[in-house]
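1. Predicted model, plus sequence, below.
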Amino acid sequence: MTGSVIRMGALVCLQTLFLAGGQVLLKIAMKQLPKFSWSWGYFKCVLTDWWFAAMGLSFGIATVLWLYILKNYPFSQAYPMTALGYIFGMVAAILVFGEQVPAMRWIGVVLIVVGCFFIMK
């Protein structure tokens, strides 16, 4: 692999980590917020929640990184690499939320990772 491909892979991994991190922060925020309602009070709670703000920051960083990636690397290589977010999401499900992940899902993730390596070639 060339240095350019390695750099792109590292940037996409970082971008995907921020994207998955934003989803984790959103899940944490939603667990702590009151029951959903179409009221000003509910949306005030959402907009003043620190977990929700951290989620926005994480998504914002992911977006800026993605803009850089799109500008500088082939879309056909970069976009499929975002599938690595499945790995980050499953690890977060275990570590952050204490979920059980069955073996069949891990097999699926391994197949995705193998596919990502073929795409990077």
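-> The structure has been received and is ready for your questions.
2. Quick one: residues contacting the most centrally placed residue in the chain.
-> Centroid check for the chain by CA atoms, centre = their mean gives residue 20 as the closest residue, at 2.1 Å. Contact analysis of residue 20 by CB atoms under 8 Å, 6 or more residues apart in numbering lists 85, 88, 89, 92. C-betas here are computed from N, CA, C, even on glycine.
3. Now do the residue nearest to it when sequence neighbours are not counted against residue 95, distance only.
-> Distances taken as CB to CB, 6 or more residues apart in numbering place residue 88 nearest to residue 20, at 3.7 Å, with adjacent residues excluded. Using CB to CB, to the nearest Å, we find residue 88 at a distance of 10 Å from residue 95.
4. okay, these two: which has more neighbours?
-> residue 88 (18 against 10; other CB atoms under 10 Å).
5. now the more buried one: how far from residue 43?
-> Taken as CB to CB, the span from residue 88 to residue 43 is 29 Å.
6. Please apply the same query to residue 33.
-> From residue 33 over to residue 43 (counting by CB to CB), the distance is 10 Å.
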